[in-house]
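Novice: Build the 3D model from these lines:
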Amino acid sequence: MRFPVLHGLVNSLRAMRILPLPLALLVLALLSFGGCRSALDPGLKAKPPDMGRVHPAPGTSMVRFEELDEGVYRGSKPHSDADYEFLRSKGVKYIVNLKLFPWLYHMEEGRAKDHGMTLIPATINASPLAPSQTHVNYILCLLRDKRYRPIYFHCDLGRDRAMLITGLYDMYFRGMSKEEAWKHMKRYGFKDDWTLHGLKHYFEAHSKSPVDQYVPDCSRGRQEQRRPAAEEAKPARALR
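Specialist: The predicted structure is shown next:
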């Protein structure tokens, strides 16, 4: 018997005279041979949650929130006071805003400052064209630099720009394979349709073996873009 639980259920229904024998057999055949799998089947796997609907704490509006590494958090754009208070409860001091036009950040900068945090604008393209390697490496090195931790980085939805950075961070700094990093990206909703093809293209182009060839040099001498001033004295070298 393919589904012994169902067989027992049908027998119970017959015993209570809820189903006549021919109808009971028909129900069993449909469930057994029609490929129907229900909660009665112990082999049924639970559907993974939609991370675009999961909030990190009651009252917050952010989604796709995750601690990627020690002191490195990722998710969607914070909007409410509850969002900023949640980030502050995690000790976050810096927020990295991933945008195509990073100068459109002044409103968020003010709100972050009101909650004791510093906003760092960072450029990254999300279109059919791939983003700049200089921009991507700058973001990765910010996240890698322990002087800025705890740090939170986000794009608007926490889904595409942020998940590209997540996938690269997974491979370059966490030792994940390309396949593992890609599954991680997709689990949090990364879209790879033509409008965002540049992000997928960048991932494919910078994940070929050996992946070490793409790991950015995060030493101070190689960081050409201006870093924001830290509140504390900076060490001689940034940690790679």
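
Novice: Contact partners for Glu108?
Specialist: 77-78, 95, 97, 119 (CB atoms under 8 Å, 6 or more residues apart in numbering). Every C-beta, even on glycine, is put in place using the N, C-alpha and C of the backbone.

Novice: What of Ser207?
Specialist: Contacts of Ser207 by CB under 8 Å, 6+ apart are 167-168, 171, 178, 181, 214.

Novice: Next, the buried residues of stretch 58-67.
Specialist: 60, 62-66 (16 or more other CB atoms under 10 Å).

Novice: on that earlier part again, using neighbour counts, give me the buried entries of the contacts of Ser207.
Specialist: 167-168, 171, 178, 181, 214.

Novice: In a markdown table, list the contacts of Glu108 along with pLDDT, distance to Ser127 and neighbour count.
Specialist: Shown next, in a markdown table, are the contacts of Glu108 (pLDDT from 0 to 100; distance: CB to CB, whole Å; neighbours: other CB atoms under 10 Å):
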| residue | pLDDT | distance to Ser127 | neighbour count |
| --- | --- | --- | --- |
| Lys77 | 96 | 19 | 19 |
| Pro78 | 97 | 24 | 25 |
| Ile95 | 98 | 23 | 25 |
| Asn97 | 96 | 18 | 24 |
| Leu119 | 96 | 23 | 19 |
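
Novice: So which of those are in helices?
Specialist: The subset of the contacts of Glu108 located in helices under the criterion DSSP state H is empty.

Novice: Greatest separation within the residues you listed: which pair is it?
Specialist: Between any two of these, the greatest separation by CB to CB is 11.2 Å, found for Lys77 and Leu119.

Novice: and stretch 73-91, C-alpha only, in PDB?
Specialist: Output in PDB follows, covering the C-alpha atoms of stretch 73-91 (Å, rounded to 0.1, in the frame of the first residue of the first chain):
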ATOM      1  CA  TYR A  73      23.400  42.700   8.600                       C
ATOM      2  CA  ARG A  74      21.300  42.900   5.400                       C
ATOM      3  CA  GLY A  75      17.700  43.600   4.400                       C
ATOM      4  CA  SER A  76      15.400  46.100   2.900                       C
ATOM      5  CA  LYS A  77      15.300  49.900   3.300                       C
ATOM      6  CA  PRO A  78      14.300  51.000   6.800                       C
ATOM      7  CA  HIS A  79      11.200  53.200   6.900                       C
ATOM      8  CA  SER A  80       9.700  53.500  10.300                       C
ATOM      9  CA  ASP A  81      11.100  54.500  13.700                       C
ATOM     10  CA  ALA A  82      10.600  50.900  14.700                       C
ATOM     11  CA  ASP A  83      13.000  49.800  11.900                       C
ATOM     12  CA  TYR A  84      15.700  52.200  13.100                       C
ATOM     13  CA  GLU A  85      15.200  51.300  16.700                       C
ATOM     14  CA  PHE A  86      15.500  47.600  15.800                       C
ATOM     15  CA  LEU A  87      18.800  48.300  14.000                       C
ATOM     16  CA  ARG A  88      20.000  50.300  17.000                       C
ATOM     17  CA  SER A  89      19.100  47.300  19.200                       C
ATOM     18  CA  LYS A  90      21.600  45.300  17.100                       C
ATOM     19  CA  GLY A  91      24.300  47.900  17.800                       C
END
